[in-house]
Every structure is written in C-alpha cells, then in structure tokens.
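Q: I need the structure of the sequence given here:
(one chain, ligands or ions: 2)
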Amino acid sequence: MRSAIVTDFLRPLELCERPTPHPGPGEVLVRVEASGLCHTDIHAAHGDWPVKPSLPFTPGHEGVGIVEEVGAGVVTPHVGDRVAVPWLGWACGACEWCISGWETLCPHQRNTGYSRDGSYADLMLASAKYVVRVPDGIDPLDAAPLTCAGVTTYKAVKVAGVRPTDIVAVFGVGGLGHLAVQYARIAGGVVVAIDVRDEKLEMASQLGATYTVNALREDPVAFLRDLGGADSAIVTAASPGPFRQAFDSLRRGGRLVMVGLPAENTIEVPIFQTVLQGITVTGSIVGTRLDLTEVFELHARGLTKVVRVTRRLDDVNEAMRAVEAGEIDARVVFDMRDVEAAGVRDGVTAGTVS
Ligand SMILES: [Zn+2]
Ligand SMILES: [Zn+2]
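A: Ligands and ions are numbered 1, 2, ... in the order given. Just a heads-up that it's a prediction; the model follows:
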C-alpha cells in the first residue's frame, strides 16, 4: 500500500510503498477514501509540540473509508461499512474521564496520525470501538473534515453553552472556524465572525454569520462591545493575539473557549476583570464518538456545509505549504480513491462548496 510518511522533522514527507497491515484483535483495516489535512498534521510532521511522535510515522486523523477486514472479537463495524477514524484513536474506557463522558481527556489515549499511523495511506488500522459510522449519503470528502474540524468546533459550541439569545464571536474562519460559525448558528446564536481576509468573511456570511469583522481594518473588541459584548468567544486562530482580543470582547459572565493551538503558547489574562466579571476561560479538545455521531447527523440532515479543496496525496508537501502560507480558505482533503474507479474529479477542485 502507498503511504506518506514522516522520516525526519526537518524533511518533507516521503511517499512510499509499505506492507499491508492486518488487523489484530479489536482492530479493523480501513481502505481510506478521503483524508483531511488538519493543521495538527503539519505540527506533527515538524515535531512542533513537546511530546513528539516517534519516527517514522504516517500522519492524518481525518480518515474516512471502508472497512475491508476485521480482527478477532470485533462485533461492529462490519466489512463494507464506511467509517471515520478520528484523532481519538483509542482510549482506555475505564478511567474517571472515560466513564464520565470525557474520553477525549483520557490520559492513556492514543492519537491517530500521531502515536499510531494515520490516514495518509491507502489502508490504515483502527480500533473498532473508536471508529464512528458515517451515515449513507454523506460524501466521504465531506465526512473527512467533519471528523476533526467538525467535531472539534461542534464540541466547542457545546462547551460554550450557546443559548438562542447569545452573541457568539468566532475568531478565525478557516477549516475549523467555518464549521464553528455553522454550529453556533444551529445552536441559535447570533454569530460574529472575525478574520483578516475578506474572502473568508464572505464565506462566513454565506454560512450564517450575522456580522463579520475584518480585524485588519476594524477593532473586533470595540465592535463586539458595541453589541453589548460576546456571551462566548470561540477562538480557532493560529496566533495568540486573537485569543486576547476574544477575552476583551466578552460581556459579564462570558466564556472564552480556546480551540486553536498557536505555536506561541501564552496570553496574559487579567485576574481582576476575570474575577469581577465572572469570566470563564476554558479549552476544548476534539470531541467524543457521540459528538462525532451528532456532527454526521446534522450533515446528513443538510444543516451544514463543508468548504474544501481536493488534492491527491502525491501533492501532500505542496498542500502543507499552501495551508501554512494561509492560501487555503477552508480545508484540504486528499481524495485517496482510485480516480478511474471513482469515476470522478480531476484532482483539484477549487473552493468546492458541497
Ligand atoms: Zn485535527
Ligand atoms: Zn480512559
């Protein structure tokens, strides 16, 4: 099988042939149809974070494909089912976080495309209990970004506790933010989208944002304060500045939900305002299997749109460069299918709104 692997944090990914793995007990072998490119994959490939993946490894945690083989003891899924293989590749199922509905915080978890090989490959192994069924009728090219970008922002909206009368500020409208706008809208909030590129703000308006602010031209803090302040602010940005702006734009009792993971790791939070105004500052990391199931349900009902561009895996290094350069409005998805068998597409579909 073909696979894109990281052999060195300073070198581009290499495309190479590797032996087809076979599922062990509790595992399934998935033939990957689509794999999204999440910014985390770039951090993984560069070894940016304190806990680095061990080399060599295959990135990718937005894998969607068909179960081709099941290992001993697997009850579901079945051969032929379409499944998503998310970042939470496995959790212990027994710790206090797992049994209280917070499996995403399991200290023993294994992460797809990081501590186990991911979806930048024709075939991948996954833990049967931690894959999520993709309902019939959802395009695998849509399902891929929903598997991380979708579930992560859906969970952030839950963590923000958005109510129908809330003003929700979404800082950063990219692969994550364009979905955050939609989930906040579905929850009933009035959405204010903030970014520095007009094309992304235009997209946010089309997806349900009531207000947009280009932070290069207008101060988002002043704008939100004029509206009475944000009840919650969800920050998907890749630099720390917007996190501080989001804090400053909250109204009393407001909630700052951190989702993006900038390489520069800190902001200053003023204690006095946090205490007297009862501000909540919280982080939110991906989502559970149930959250992802709900994300797929919303998409199957036609309530969300995934904005994406399609690439072939051969172009993985160029795609990563384009994402890092901010040239991609939303999500890159690698179409892993045999082009002729799929009977479709030419490899590059610019700005597909499906
Ligand atoms: Zn991700
Ligand atoms: Zn656990």
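
Q: my guess is residue 48 contacts residue 263, does it?
A: Yes - between residue 48 and residue 263 there is a contact under C-beta atoms under 8 Å: 6.0 Å. Placement of C-beta: from N, CA and C, glycine included.

Q: Please identify the buried residues of stretch 255-274?
A: Across stretch 255-274, burial judged by 16 or more other C-beta atoms under 10 Å covers 255, 256, 257, 258, 259, 260, 261, 262, 267.

Q: what does the model give whichever residue of the stretch 151-300 of the chain sits closest to ligand 2 for pLDDT?
A: Residue of the stretch 151-300 of the chain nearest ligand 2, by C-beta to the ion: residue 288 (11.6 Å). For residue 288, the pLDDT comes out at 98.

Q: shift numbering so it begins at 832
A: OK, 832 is where the count begins now, so the last one is residue 1119.

Q: quick one: it from residue 858, how far?
A: Look at residue 1119 and residue 858: by C-beta to C-beta, to the nearest Å, they are 20 Å apart.

Q: Same question for residue 1154.
A: Noted for residue 1154: a distance of 30 Å to residue 858, by C-beta to C-beta.

Q: do the same with residue 975
A: 21 Å.

Q: Report the contact partners of the residue in the stretch 1032-1181 of the chain that ligand 1 sits nearest to.
A: Residue of the stretch 1032-1181 of the chain nearest ligand 1, by C-beta to the ion: residue 1117 (7.2 Å). Counting by C-beta atoms under 8 Å, 6 or more residues apart in numbering, residue 1117 makes contact with 917, 918, 919, 935, 979, 982, 983, 986.

Q: For residue 922, see how far away it is.
A: Distance from residue 1117 to residue 922, by C-beta to C-beta: 11 Å.

Q: residues shared between the contacts of those two?
A: Common neighbours of residue 1117 and residue 922 (C-beta under 8 Å, 6+ apart) are residue 935.

Q: Look at stretch 1151-1169 and report the distance between its end residues.
A: 22 Å (C-alpha to C-alpha, to the nearest Å).

Q: can you give me how far it is from the chain middle?
A: Distance of stretch 1151-1169 from its chain centroid, counting by C-alpha atoms, centre = their mean, to the nearest Å, is 13 Å.

Q: just the contacts of residue 1117 now: which is nearest residue 1070?
A: residue 983 (18.1 Å; C-beta to C-beta).
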